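Asks: here's my sequence, what's the structure:
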Amino acid sequence: MSINNWFIKIRAIKPRLIKFRSFRLWSDKPRPTEPTSAASAHPSLDENGLSQCLRIACGGLLGFIISQAMGWNYGVFFTVFPMFLVGLVPVLNAHVVRQFFANALLNCIEVSLVVGLTRHMPPIMAGLAFALFYWRFRMMAKGPLFLFGANGVLTLSILLHFASYPQLSLSDLLASNLMASGLAVGIAALMYTVFPDRQPRGPFPRQEKTPARIRHETLIGALTATLSFLVFQVFDLRDSLSAQMATILILFALGYPGAKLSAQRRAIGTLLGCNLAIVIQLVLYTQSQHFLLVLPLYWVGLLMFARLHVTEGGGSGVGFGGLTTLGILFGQSLSPQQDLIFSALYRFSSMCVALVATLAVMALLHRLLNAWQPTRVSEA
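Replies: Numbering: from 1, shown residues only. Sure, this is the predicted structure:
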């Protein structure tokens, strides 16, 4: 079946899929919920989709190569940030770049002040973290500055968690964040130059929300993110970065109903990513520390998940879960002193526990907020 015929079928079912718009950042394609034909059961890529796949895979690979070659700390920043920028935002423009840079600079200032002044006062530190999360989620709920809010919530939760440990170098952490952000923008610009879109993308439709819905989405996101930060602090879970990221990424759905679907998709993507990482480790066996042998297998894995990510519609689903899993495992655990197989198994188990706990908290908050008229939403 030709690409034109496939798109005609997609347009025919588009009105029934409008409710899934809130699960993505910016994308010009709907995410099908169930196959309605042979074409939709095995979706093909258009020219723009193929370009985006190559941007994601090559951009993620380039960030990984640079961080490993330079021996920089916090390699996960350098592998995940390019995927975030070219994967969840399929159009790179000055507005996107400004949001990305502004968030990186503001995060460094916020973390320096909050940790430097309140590290010895955990209750005050938690209150300030809630205020920062509340501000970011309000931006996300309103829409125009979604990227600024989403990237801020994700990086701020990670930076606050690691910066709270006195034995870790705060300057090294913040410098790595700034360097990774600048590198991600440079990689994204290069990828859009080498693999440009063939057709102009349509504008992202904005969703009209009531003030009560905005308050509901803001509070449920800010409260859940703050509780996640507190749990990882209290139990000293500094080695569970993947689980912490998972609890934040499902909040991008902005509400409990969307988070349930997002958690299911992310769990599947993480499982597939962990299994692929284990397969790569077993294929290489004793040669797994040979960098040049790792690169082609890592790139193929990124390309597979990038295709799945694009055909899903560009949201934080199975494909993006697999991408970030590979990025975290290889960026954080690829060294002679670490066992990639153990890291993969630990990542999946900790992520599952974190997702179940996060969904339980969100379900409770959803019911409590719906019991109050100023934050009540219509869906169950």
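Asks: now do the helices in this protein.
Replies: Taking DSSP state H to define them, one finds helices in the chain at 3-13, 38-41, 47-70, 75-87, 94-118, 122-142, 146-163, 170-194, 211-234, 241-249, 256-284, 291-312, 318-333, 340-370.
Asks: model confidence over the first one, on average?
Replies: Just to be clear, that refers to helix 3-13. Mean pLDDT, helix 3-13: 41.
Asks: and the helices of the chain: which comes nearest P200?
Replies: Comparison of these against P200 by C-beta to C-beta identifies helix 47-70 as nearest, at 9.1 Å. Where you see a C-beta, it was placed from the backbone N, CA and C, and this is true even at glycine.
Asks: which residues of the stretch 1-150 of the chain score low on pLDDT?
Replies: Judged against pLDDT under 70, the low-scoring parts of the stretch 1-150 of the chain cover residues 1-44.
Asks: try it again with 90
Replies: Counting by pLDDT under 90, the stretch 1-150 of the chain has low-confidence residues at 1-49, 51-52, 67-80, 83-96, 98-101, 103, 115-123, 140-150.
Asks: which residues does stretch 270-282 contact?
Replies: 242, 246, 288, 294, 297-298, 301, 304-305, 318, 321-326, 329-330, 340-341, 344-345, 347-348, 351 (C-beta atoms under 8 Å, 6 or more residues apart in numbering).
Asks: same check on stretch 174-186?
Replies: With C-beta under 8 Å, 6+ apart, stretch 174-186 has contacts from 63, 66-67, 72-74, 77-78, 81-82, 84-85, 97, 100-101, 103-105, 107-108, 111-112, 155, 159, 163.
Asks: mind redoing it with 6 Å?
Replies: Under the contact criterion C-beta atoms under 6 Å, 6 or more residues apart in numbering, stretch 174-186 has outside partners N73, Y74, F77, F78, F81, P82, L85, V97, F100, A104, C108.
Asks: residues contacting the residue nearest to F130 when sequence neighbours are not counted?
Replies: Once flanking residues are discounted, F130 sits nearest to T226: 4.3 Å by C-beta to C-beta, 6 or more residues apart in numbering. Residues near T226 by C-beta under 6 Å, 6+ apart: A129, F130, F133.
Asks: same question, T155
Replies: N107.
Asks: now do the same for it: its pLDDT.
Replies: 89.
Asks: how about a markdown table for the helices of the chain, with distance to R201 added?
Replies: A markdown table is the format used below for the helices of the chain (distance: least, C-beta to C-beta, whole Å):
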| stretch | distance to R201 |
| --- | --- |
| helix 3-13 | 14 |
| helix 38-41 | 21 |
| helix 47-70 | 7 |
| helix 75-87 | 13 |
| helix 94-118 | 13 |
| helix 122-142 | 21 |
| helix 146-163 | 15 |
| helix 170-194 | 12 |
| helix 211-234 | 26 |
| helix 241-249 | 23 |
| helix 256-284 | 23 |
| helix 291-312 | 13 |
| helix 318-333 | 18 |
| helix 340-370 | 31 |
